[in-house]
Every structure is written in structure tokens, then in C-alpha cells.
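K.L.:
what's the 3D shape of this:
(2 chains)
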Number of protein chains: 2
Amino acid sequence: MPPVPPPPVVQAAPDPAEPQPVDWRSIPPDEIMVMRLADGHEVLIRLAARMVPRHIENIRRLIAARWWDGLSIYRVQENWVAQWGDRTEKRPLPPGTAARVAPEFELATPPAVTPMVRPDAYSTWSGVTADGWPVAGDGRAAWLVHCYGSVGVARDDAPDSGNGAELFTPIGRGGARRLDRNYAVVGRVMEGMQYLSALPRSDASDGVYADVGRDKGIAWVRLASDLPAADRPRLEYRTADNPRYAAMIAKRERPAPPTVAVGAGVCDLPVGVRRAP
Amino acid sequence: MPPVPPPPVVQAAPDPAEPQPVDWRSIPPDEIMVMRLADGHEVLIRLAARMVPRHIENIRRLIAARWWDGLSIYRVQENWVAQWGDRTEKRPLPPGTAARVAPEFELATPPAVTPMVRPDAYSTWSGVTADGWPVAGDGRAAWLVHCYGSVGVARDDAPDSGNGAELFTPIGRGGARRLDRNYAVVGRVMEGMQYLSALPRSDASDGVYADVGRDKGIAWVRLASDLPAADRPRLEYRTADNPRYAAMIAKRERPAPPTVAVGAGVCDLPVGVRRAP
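P.N.:
Below you'll find the model as predicted:
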């Protein structure tokens, strides 16, 4: 008998939700905030430079003035936020930085998005901008949303009392989206979220560590563009203005059997970042 | 001149969203799972005894057989879950406990709820049962939802392969609600969530600590009813079938100025628990 012929090579159909190489774009190094903790771990934050330009201008000045060097993560509240900066709130801001920044709670220009199809408990619509930012809106305005890992600007009661010197990120479910339109979102953690989310929780009702010795020290904060080229983290974001991204949303919102479909919110989508290959 | 009369006493209007004493009810001590960690911290979990009775029956047998005593929290995956039980998945189950439990992913009887008004990205409707459980549903079925701090039953591919010996809780945003209807929710953390949520994250892709030495030890697990009366945690839940609870939902979904309204999801509501006064 003739030998049995080898089975035909079955090529798996390409997953329409998988990004193609062209979908990845560099994050400019002056839009990456590198926070080196005292224990050597790094948190990489993408800055929403074009969406909240006034805040990012001030944050870049604070970085240039080495504002955060030697400060700390001093507030870690269970199911709410981790916050860093000057726990005394009395240290003078560096010359050339603004103590008040006019609010950028909503975006000057509502951006085009790849939309979520499912309704959202917090807005009329939601979706992801071409360059990967989760946003929501109603008939009048649009805004960057407070997801787990978004970076927001702490402030006092006055809407213009935030300046970026004190920053926070939501570390739980806990409805951080109720901060939308009330606080300025200025960035998102791209890497190292676990060094914020796994910090011990404070027992104090405001979440500030009662014992300053529990603070997590910050060694320094720089823009990636400030670092020598060899030390610079090179990140790429996944663009959303393409059919692969829309297919990924559809897959999340209505997963394939045997999973029973249950939906997805805009904050449930993956952050969409990778190290440059 | 006569002395100036004292100013009238202004009595603040009662907040219609504040619970009244009658709104608090005891959680039966045989519906409280007490997990004492090796470091002395305790996690208190309310069991959904009447909603998923088959699973709770098996979990009570596992507790009676001291299944978890000396086991560990062995999987802590960033923005996903903390999971505890037997990391080897090879330890024989105690006699009298079931290795497979017929699924209770949906509730046998859709319960009455105090509803969320805002739409939900994961279901047709959502709300809170009279005895405080967050649920969601569509035209056909209802189910307990996977919120931050909900306790779910890990399983293999087969829907009946879960038995309660391996439990998990969502510790991030990360879309845990996509587990709804696919996994059995059996309880919710009432106290001590910070001892699960702040554990160091594993670097492994499946979230299991590569180094067994990083596991968080479990000293023992008991029902509160197993403990001497003096050591028993006495918890009360907030009932939801009253106008105060509906007012609380309304306040969360549409907060008062100066906060700009942004909505709320069923998992954003407070857990609604207190120590018995």
C-alpha cells in the first residue's frame, strides 16, 4: 500500500480582533512619566499631552523641577485610590509652576472614537480614541474617564485648585467613574500598576497613612525623554481607529460560546500597550 | 439694649438616603465564613446560603472538615483575582464532600430587587435584593454578579467541575463581570478585603506565585457559628427593600451639585454591612 499522505496543513483563520503590526505606534518619550520608587520598581505613566495640555504643561514643569524626587505615596485607601506627592501639602511649589490650573475636566474638542456598543452606567456613550484613550460623553461634552489605573489630579473644593503636584490612581472598583467630569484625568499607568495597587491599605478614614514610616518612597520622577537613550523605556500603544480594535470590542462585549455573553464596559478593555519590539 | 437672642436652632433635614435602625438585620452566624490568615488578620465572607444552596452546602462541609486549615492564598493576579485553596489541586477532598456541584450560575427564582435606574453594560437590568445581594438579569434569568469582593468558585472547563474548595475574589476593575453566568458566586467579602487586595501580585501569567514561599498562609476557616460566642463576629447587613435604599441608589446615580452627575453601576454601591451595635 502506498504510504498514507501527510494530513493537510490546517491554517487557523486569523483572529480579526488581533492587532496587526501597523496598529502599534510609539508613545513619544516626552509623554511618558517614569516614576522610580525607592525600592527600585518603576511605574510608567502615559501623559494625555494633547487632551489636557494645561495640566501636562504644569506636570512637565514639576518634573523638570524634580518636585516628586524624595516625596512619597502617602495615601492608599482600600477600593479607592493610591495618591502621591507631598503628604504635608505645605511644601512650596517650585518657581515657574502654577498653583492653580484652569479645569480640563471635559475635552475642548469631542474626539472621534471607536465606540462601545453596550450602554454605559455613567454616560450617554463611551469609546476609545484613535490613540487609545478611553473617553465618554453625552450630547454636549466628552471627557477622559477614571478607569482603574487612570491618573487623576487631586484638588481641594475649588475646581481650579488642582495643579498636578498631587496625583492619584483608582486601585479598586469602587465607582471611580463618579470622579469623571469632576476631576482632571491626565494620564494612565502603562506598566507597574501592581506597585501601586498592592500597597498596604491605610486604616485611616481618609486613606492617608497615619504613620509616615509606611509611606512608599519615590526616588525620582522624570520624563522618559530626560533619560539617557539606553535607559529610556520604549512603549507603543495600540491604535483604536481600525477594524481589529472594533472586533476586539465586539469580542469583549459578546464573547464566543461556551462563555455566556455578559458585556463589557470601556474600562474593561485592555490598556493596549507593549514594549517596542 | 436687650441681649441678642440666640439664633434659632437649625435642624438639618434628615437625609432620605440614610438607613434607619430597622434597615439593619443580623447575618446568621452560619452564613459568615471566617478566614483567619497566618498573620492573624481575618477576612469575613457572607455566604449566599439561600441563593446558591448546593454550593453552600458543600462549602459548609469543607469548613467542617477543616479543608482550608493550613492551605494558602496562592494566586494573586494584578487587576484580576486573589484565589485560595490547595495550590497543588491534588490534595484529596475530605470524605463527604462533593468533587462536582451542579452549576448555580443563574438563580432558580429571579428575586425582587431595588433596581438601578441607569443602564448596565453587562445585563438588561441590575439591582439589589431585599437582603443586600447585587444581582443582574435579562428577560429570562437572574444571577449574582461578580463585583470587586464577590467570592466565586474556581473551576475547570466543565461547568460542574467547581465544588467550592478553590475560591477567588476579584481584586481589580478588569471586567470581572464577564464571569457572570459562567461561574458561581457564593458570597461576598464583608470585612478584611484589604488583606486580599493588597497582596503582592504574581509575575506569572496565570497569577500563581512561582515561589510557594510567597503564598499567604491560611491558619483556619470556620463558620462564625462554630466559634465560641465571645469570639464570634456579629455582622448586620443593610436591607434594600425600603425607600432609604432607593434614595441611596438615586443619590449615587445622580449626585447633588457641585458634583457633576456621572452615574453608578450596581457594583459601585457600598457593601452595606456593619458590626452589630
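
K.L.:
What confidence value was assigned to the closest residue to residue A:227 other than its chain neighbours?
P.N.:
Leaving aside its chain neighbours, residue A:227 sits nearest to residue A:34 (6.8 Å; criterion: C-beta to C-beta, 6 or more residues apart in numbering or on different chains). Using the backbone N, CA and C atoms, a C-beta is placed for each residue, glycine as well. For residue A:34, the model assigns a pLDDT of 98.

K.L.:
Is residue A:34 bridged to anything, and to what?
P.N.:
Under DSSP bridges, the beta-bridge partners of residue A:34 are residue A:44, residue A:222.

K.L.:
neighbours around it, how many?
P.N.:
By other C-beta atoms under 10 Å in any protein chain shown, 23 other residues sit near residue A:34.

K.L.:
right, and it touches residue A:225 too?
P.N.:
No - using C-beta atoms under 8 Å, residue A:34 is not in contact with residue A:225; the gap is 9.8 Å.

K.L.:
still on that earlier bit, residues touching the residue nearest to residue A:227, list them.
P.N.:
Listed by C-beta atoms under 8 Å, 6 or more residues apart in numbering or on different chains, the contact partners of residue A:34 are A:42-45, A:221-224, A:227, A:233.

K.L.:
closest to residue A:178 among these?
P.N.:
Nearest to residue A:178 out of the contacts of residue A:34 is residue A:45 (C-beta to C-beta; 22.0 Å).

K.L.:
mind showing which ranges of chain A have poor pLDDT?
P.N.:
A:1-11 (pLDDT under 70).

K.L.:
What segments of it are helices?
P.N.:
Applying DSSP state H to chain A gives helices spanning A:53-64, A:194-197, A:243-253.

K.L.:
Nearest to chain B, out of those?
P.N.:
Closest approach to chain B among those is made by helix A:194-197 (3.9 Å; C-beta to the nearest C-beta).

K.L.:
re the thing from before, now tabulate the helices of chain A in CSV and tack on distance to chain B and mean neighbour count.
P.N.:
Shown next, in CSV, are the helices of chain A (distance: least, C-beta to the nearest C-beta, whole Å; neighbours: other C-beta atoms under 10 Å in any protein chain shown):
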stretch, distance to chain B, mean neighbour count
helix A:53-64, 18, 20
helix A:194-197, 4, 22
helix A:243-253, 7, 18
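
K.L.:
could I get these as a markdown table with distance to residue A:277?
P.N.:
Listed next are these as a markdown table, based on distance: least, C-beta to C-beta, whole Å:
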| stretch | distance to residue A:277 |
| --- | --- |
| helix A:53-64 | 27 |
| helix A:194-197 | 23 |
| helix A:243-253 | 17 |
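
K.L.:
Could you tell me which residues of the stretch 101-250 of chain A lie near chain B?
P.N.:
Selection of the stretch 101-250 of chain A residues close to chain B by C-beta under 8 Å from any C-beta of the partner chain yields A:105, A:116, A:118-123, A:147-149, A:170-175, A:177-182, A:193-194, A:197-201.

K.L.:
Are any of those buried, and if so which?
P.N.:
A:105, A:116, A:118-123, A:147-149, A:170-175, A:177-182, A:193-194, A:197-199, A:201 (16 or more other C-beta atoms under 10 Å in any protein chain shown).

K.L.:
Please enumerate the strands of the stretch 51-200 of chain A.
P.N.:
Here the stretch 51-200 of chain A has its strands, by DSSP state E, counting those that start in this stretch, at A:72-76, A:81-85, A:113-115, A:125-129, A:134-137, A:142-144, A:150-153, A:167-170, A:185-191.

K.L.:
What residues does the spatially closest residue to residue A:220 that is not a sequence neighbour make contact with?
P.N.:
Using C-beta to C-beta, 6+ apart and skipping the chain neighbours, the partner closest in space to residue A:220 is residue A:69 (4.5 Å). By C-beta under 8 Å, 6+ apart, residue A:69 lies in contact with A:218-221.

K.L.:
Also residue A:160?
P.N.:
Applying C-beta under 8 Å, 6+ apart to residue A:160 gives the contacts A:100-103.

K.L.:
Distance of it relative to residue B:219?
P.N.:
Distance, residue A:160 to residue B:219, by C-beta to C-beta, to the nearest Å: 51 Å.

K.L.:
what's the distance between the residue nearest to residue A:227 and residue A:79?
P.N.:
Distance from residue A:34 to residue A:79, counting by C-beta to C-beta: 27 Å.

K.L.:
Could you do residue A:146 as well?
P.N.:
Distance of residue A:146 to residue A:79, given as C-beta to C-beta: 14 Å.

K.L.:
Between these two, tell me which one has more neighbours.
P.N.:
A count of neighbours by other C-beta under 10 Å puts residue A:146 above the other of residue A:146 and residue A:79, at 28 against 20.

K.L.:
need the contact list for that one.
P.N.:
Contacts for residue A:146 (C-beta under 8 Å, 6+ apart) come out as A:152, A:170, A:176-177, A:179-180, A:183, A:185.

K.L.:
one more time with 10 Å, if that's ok
P.N.:
Going by C-beta atoms under 10 Å, 6 or more residues apart in numbering or on different chains, residue A:146 touches A:81, A:122, A:134, A:136, A:152, A:168-170, A:175-183, A:185, A:267, B:262.

K.L.:
try residue A:151
P.N.:
Going by C-beta under 10 Å, 6+ apart, residue A:151 touches A:33, A:43, A:45-48, A:59, A:84, A:144, A:164, A:167-170, A:184-189, A:196.

K.L.:
And for it, nearest residue in space, chain neighbours not counted?
P.N.:
residue A:187 (4.0 Å).

K.L.:
try residue A:208
P.N.:
Spatial nearest neighbour of residue A:208, chain neighbours left out: residue A:75 (4.6 Å); criterion: C-beta to C-beta, 6+ apart.

K.L.:
where's that neighbour relative to chain B, distance?
P.N.:
As judged by C-beta to the nearest C-beta, to the nearest Å, residue A:75 and chain B stand 14 Å apart.
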